[in-house]
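# need coordinates for the following:
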Amino acid sequence: FLLDCDLEEPPELLVEFWSKMQAEGCDVVFGVQNLRRGKGIDRFVGGLFYKVFNHLSDLPIPENIAMCRLMNRRYVDAIGQFGERNFFLGSLFVEAGFRQVSVPFEKTSKGSTTYNFRRRVSLMVDAITSSTAKPLVYVFYLGLAMRSLTIFAGIAVLFRHLFIERLQVGWP
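Residues are numbered from 1 along each chain as shown. Reported below is the predicted structural model:
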């Protein structure tokens with residue numbers, strides 16, 4: 001049973017998760033928040049993270065997934081075999097596969113968060129870059145497009161300089 005140390009996810013979920021695991025015959029039962037907690041902007045940014053992540057990822061993760069989960073030994077062993085050094089648990093849990101079932105629950109709040117905006121952005125970048133290569137592919141195509149535009153612009157300037165009007169000053 002995995003649970004965040006801040007106890008915003010009630011430990012009593014273990015009983016509900018165990019019952020669900022027995023009834024469904026699944027390998028993993030995990031929690032999903034009914035409603036994302038926090039102020040409006042926090043909920044918006046959190047929802048935006050899941051939309052961006054799932055758009056970029058080959059293995060989308062459930063929105064508002066929580067850390068709490070009950071796992072069987074085969075699943076835990078499979079997670080341990082990844083051997084990743086920098087990883088996002090949310091995508092690793094999905095990538096491991098197995099039969100997983102979600103249980104909605106209400107997450108409590110212990111007060112203000114220690115995650116400021118900069119730290120949240122950093123976590124999002126780490127989550128995306130450790131889970132998918134799509135941003136690298138997008139940057140490659142952006143670079144290729146910029147290179148093509150540069151070559152086209154250079155040819156246009158050279159053509160203008162040689163055949164239309166002689167440019168005396170400037171970047172040609």
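# only C-alpha atoms from now on, for both contacts and neighbour counts.
OK.
# sec struct for residue 66, please.
With DSSP: H, G, I helix; E, B strand; the rest coil as the basis, residue 66 sits in strand.
# quick one: contacts for it?
For residue 66, the contact set (CA atoms under 8 Å, 6 or more residues apart in numbering) comprises 30-33.
# tabulate the residues you listed in JSON lines, adding columns for pLDDT and secondary structure.
Below are these laid out as JSON lines (pLDDT from 0 to 100; DSSP: H, G, I helix; E, B strand; the rest coil):
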{"residue": "30", "pLDDT": "86", "secondary structure": "strand"}
{"residue": "31", "pLDDT": "85", "secondary structure": "strand"}
{"residue": "32", "pLDDT": "83", "secondary structure": "strand"}
{"residue": "33", "pLDDT": "82", "secondary structure": "strand"}
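# would you point out the most distant pair within those residues?
Longest distance between any two of these is 10.1 Å, between 30 and 33; criterion CA to CA.
# quick one: the spatially most central residue of the chain from residue 108, how far?
By CA atoms, centre = their mean, the chain has its centre lying nearest to residue 53, at 3.9 Å. Using CA to CA, to the nearest Å, residue 53 is found at 25 Å from residue 108.
# over to residue 11?
12 Å.
# which residues in this structure form helices?
13-24, 40-56, 73-80, 89-95, 117-131, 134-159 (DSSP state H).
# and those: which comes nearest residue 67?
Nearest to residue 67, of the helices of the chain and by CA to CA, is helix 89-95 at 8.1 Å.
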